[in-house]
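K.L.:
need a structure here:
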Amino acid sequence: MVLAVQRLKDTPNDILMDAIRNRGSNDYQARIPEATKAGIQTTMNELLNHRTLYNEFVDALVNRIGLVKFKEFSWTNPLSEFKQGMLQYGDTIEEVAVGLIKAKTYDPNREALEREIFGTHRPEVQANFHKVNRQDYYPVTVNESLLQRAFLQDGGLVGFISQLMGAPATSDQWDEFLATCQLFAEYEAKGGFFKIKVPDVSDLNSSEADAKFALRMLRATADTIVFPSRKYNAAGLPMAARRDELVIFTTPDFKAAMDVEALAGAFNMDSATAHGRIITIPEERFGIDGAQAIMTTKDFFVIADQKFETASQYNPVALQNNYFLHHWQVISASRFVPAVLFTTKGGTEFIEISTPVTSVSEITILDREGLVPDSVVRGELYALDAEAVTTPADGVNDGVRWSVTGNTSTRTYISQTGVLHVGGDEGATSLVVTATSTWLDPDGLMRDGEQDSITLTVSGTAVPTWPETAAVSGITIAGGTLVPPFAVGTYTYTVEIEGGVVTADDVTVTGPDSDNVEITVSEDGDTVTIESASSTGDPVYTVNVVEPTP
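P.N.:
Residues are numbered from 1 along each chain as shown. Model prediction:
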């Protein structure tokens with residue numbers, strides 16, 4: 001195409017007409033001569049003699065040239081940078097946001113993980129649907145007599161089109177701007193903004209201290225909303241804003257009262273960069289009483305064109321062509337991005353919902369097979385579960401701290417994921433496992449809260465350790481009196497026997513090394529010593545025999 005659309009004002013009529021001819025139909029090119037060779041008058045006469053080709057010429061003039069001129073003009077909309085292009089398919093934009101996921105502690109010893117592997121773990125997800133909500137059209141008429149006059153002046157066609165499209169272009173630009181600004185008021189009406197109270201800096205009587213306070217709040221907010229928080233967005237999701245995406249919409253009076261360099265400091269940007277991120281809106285277009293400024297991101301607006309085109313109809317009675325410029329759009333706002341309103345009115349009261357622990361659920365225990373055991377066996381692992389019960393439900397402090405008491409072996413312990421390790425040398429006959437909730441008191445100290453406990457019976461043969469330090473077990477005196485289970489580090493025991501005297505025949509030993517032990521009874525029969533002959537270095541066990549207490 002010969003015509004350079006970027007220089008419409010400098011294009012002569014004949015060049016413009018030939019540009020349209022070069023893009024015209026075969027019939028048009030065959031019947032309509034080139035204006036640069038035959039002359040504009042000859043070309044115009046041929047157009048008037050062929051009404052169909054004349055309509056094709058006017059359509060090209062308006063649709064191809066006028067629409068280009070219209071688009072060039074529409075870029076002056078100060079909010080056009082937030083448009084997201086064309087909506088190619090459908091009439092809805094879906095916007096999805098996902099919240100955070102609660103971490104869980106990894107424990108390689110926890111084997112009862114069916115619920116983790118095959119269970120359902122739903123993250124917090126919300127979706128917004130933005131539908132086409134602007135469907136405007138702008139009618140304009142191309143009068144044949146006015147068009148003929150445009151042929152009489154060199155460059156008159158470009159001037160005619162500029163005037164013709166000026167009205168709908170300005171109208172559409174202004175309507176789009178107003179509809180975009182209206183989003184602020186609608187967003188606030190639905191309680192979307194997080195509000196921070198600042199002095200009325202735009203007031204001519206405001207002081208330097210007022211401006212410094214407002215600037216301090218701007219800087220603090222800019223440094224705060226870069227971290228995930230549920231406070232600053234209407235959806236209540238833990239969302240954050242990138243520093244390079246922050247935008248301030250403000251009134252001209254507020255911007256005039258604040259130093260541009262100081263505003264740039266709120267973003268840690270130089271003034272040149274910050275100038276592009278500070279956009280002024282007429283105060284009356286905010287539609288929010290007391291509004292001073294709005295801090296958000298470039299993704300606050302959800303704006304996309306669905307249709308931007310012209311349709312035409314020739315009116316044979318009036319000898320004129322009617323054109324209809326259609327502009328259909330999605331004009332909406334996101335509920336997911338942080339959006340803070342600085343206002344002279346009251347600020348937002350953010351209420352932290354307390355979820356106190358009211359109890360701890362009943363403790364459950366599973367063995368390696370996923371079954372509930374009757375007792376815990378020495379040398380085995382068990383998975384225990386319990387959860388702090390909060391009010392209201394689904395509170396954030398539902399974790400518990402685990403502990404075990406009553407054990408004699410240092411190898412018996414419970415991890416903080418609830419895995420109970422029963423030591424092979426555990427000498428206790430029962431263990432008490434406790435799940436305890438915790439909370440921070442007003443002084444910031446961690447305190448124990450509600451708790452639940454379970455008593456577990458210990459069973460099974462002792463598992464020898466290496467090197468062996470307690471191989472002897474199962475000492476029975478006088479045909480039935482069993483010496484209490486050995487505690488680690490304790491090798492002296494006392495038993496009550498009628499008469500207070502025993503012989504070597506009254507002592508039996510079972511358990512590891514029971515076939516190779518040395519049993520020695522003192523001369524007066526009140527002391528028995530047992531020593532393993534097969535394991536050098538094993539301790540010597542001493543049993544004192546006494547009369548029963550009356």
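K.L.:
ranges for the helices of the stretch 251-400 of the chain?
P.N.:
252-257, 260-265, 271-275, 283-286 (DSSP state H, counting those that start in this stretch).
K.L.:
got the domain ranges for the protein?
P.N.:
357-459, 473-546 (automatic domain parsing).
K.L.:
and the end-to-end length of the longest one?
P.N.:
Using CA to CA, to the nearest Å, the end-to-end distance of domain 357-459 comes out at 34 Å.
K.L.:
let me see the mean pLDDT of it.
P.N.:
Averaged across domain 357-459, the pLDDT comes to 86.
K.L.:
hang on, the earlier thing: mean neighbour count for the domains of the chain - can I get that in TSV?
P.N.:
C-betas here are computed from N, CA, C, even on glycine. Below are those laid out as TSV (neighbours: other CB atoms under 10 Å):
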stretch	mean neighbour count
domain 357-459	16
domain 473-546	15
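K.L.:
export those to a markdown table and append columns for distance to A318.
P.N.:
Putting those into a markdown table (distance: least, CB to CB, whole Å) gives the following:
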| stretch | distance to A318 |
| --- | --- |
| domain 357-459 | 70 |
| domain 473-546 | 110 |
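K.L.:
which of the ones you listed sits closest to P282?
P.N.:
When those are compared by CB to CB, domain 357-459 sits nearest P282, at 43.6 Å.
K.L.:
quick one on the thing from earlier: weakest of the helices of the stretch 251-400 of the chain by average pLDDT?
P.N.:
helix 271-275 (a mean of 43).
K.L.:
all the strands of the stretch 1-150 of the chain, residue numbers only.
P.N.:
83-86, 92-98, 125-131, 134-143 (DSSP state E, counting those that start in this stretch).
K.L.:
let's have the ones you listed in a markdown table, adding distance to K307, mean pLDDT and mean neighbour count.
P.N.:
Listed next are the strands of the stretch 1-150 of the chain as a markdown table, based on distance: least, CB to CB, whole Å; pLDDT from 0 to 100; neighbours: other CB atoms under 10 Å:
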| stretch | distance to K307 | mean pLDDT | mean neighbour count |
| --- | --- | --- | --- |
| strand 83-86 | 9 | 80 | 13 |
| strand 92-98 | 14 | 77 | 14 |
| strand 125-131 | 14 | 80 | 13 |
| strand 134-143 | 8 | 82 | 15 |
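K.L.:
now distance to F213 too, for the ones you listed, in a markdown table please.
P.N.:
Compiled in a markdown table, the strands of the stretch 1-150 of the chain are given as follows (distance: least, CB to CB, whole Å):
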| stretch | distance to F213 |
| --- | --- |
| strand 83-86 | 35 |
| strand 92-98 | 33 |
| strand 125-131 | 35 |
| strand 134-143 | 39 |
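K.L.:
so which of the ones you listed comes closest to T250?
P.N.:
Of all those, strand 83-86 comes closest under CB to CB, at 20.7 Å.
K.L.:
what helices or strands is that closest one leaning on?
P.N.:
strand 301-315 (3 or more CB pairs under 8 Å, 6 or more residues apart in numbering; DSSP states H and E).
K.L.:
the strand it packs on pairs with which strands?
P.N.:
strand 83-86 (parallel), strand 320-333 (antiparallel) (DSSP bridges).
K.L.:
buried ones in it?
P.N.:
Within strand 301-315, the residues that qualify as buried are F301, V302, I303, A304, D305, Q306, F308, T310, Y314, counting by 16 or more other CB atoms under 10 Å.
K.L.:
and the longest helix seen in the chain with strand 320-333, angle?
P.N.:
Longest helix in the chain, counting residues (DSSP state H): helix 156-189. Interaxial angle of helix 156-189 relative to strand 320-333 (axes from the mean of the first three to the mean of the last three CA atoms, to 10 degrees): 30 degrees.
K.L.:
C-terminal to helix 156-189, what's the next element?
P.N.:
Later in the chain than helix 156-189, the nearest helix or strand by DSSP states H and E is strand 194-197.
K.L.:
figure out how far that next one is from the centre of its chain.
P.N.:
On the basis of CA atoms, centre = their mean, to the nearest Å, strand 194-197 sits 22 Å off its chain's mean C-alpha point.
K.L.:
helix or strand next in line after it, which one?
P.N.:
helix 208-224.
K.L.:
in that next one, what's buried?
P.N.:
Buried-residue list, helix 208-224, by 16+ other CB under 10 Å: D210, A211, A214, L215, M217, L218, R219, T221, A222.
K.L.:
of all those, which comes closest to P199?
P.N.:
D210 (3.7 Å).
K.L.:
touching, the closest one and K197? I think so.
P.N.:
No: in this structure, D210 is not within contact of K197 by CB atoms under 8 Å, at 11.9 Å.
K.L.:
beta-bridge partners for the nearest residue in space to D448 that is not next to it in sequence, please?
P.N.:
With CB to CB, 6 or more residues apart in numbering as the criterion, D448 has its nearest non-adjacent residue at 5.3 Å, and that residue is T436. Taking DSSP bridges, one obtains R401, Q451 as the residues bridged to T436.
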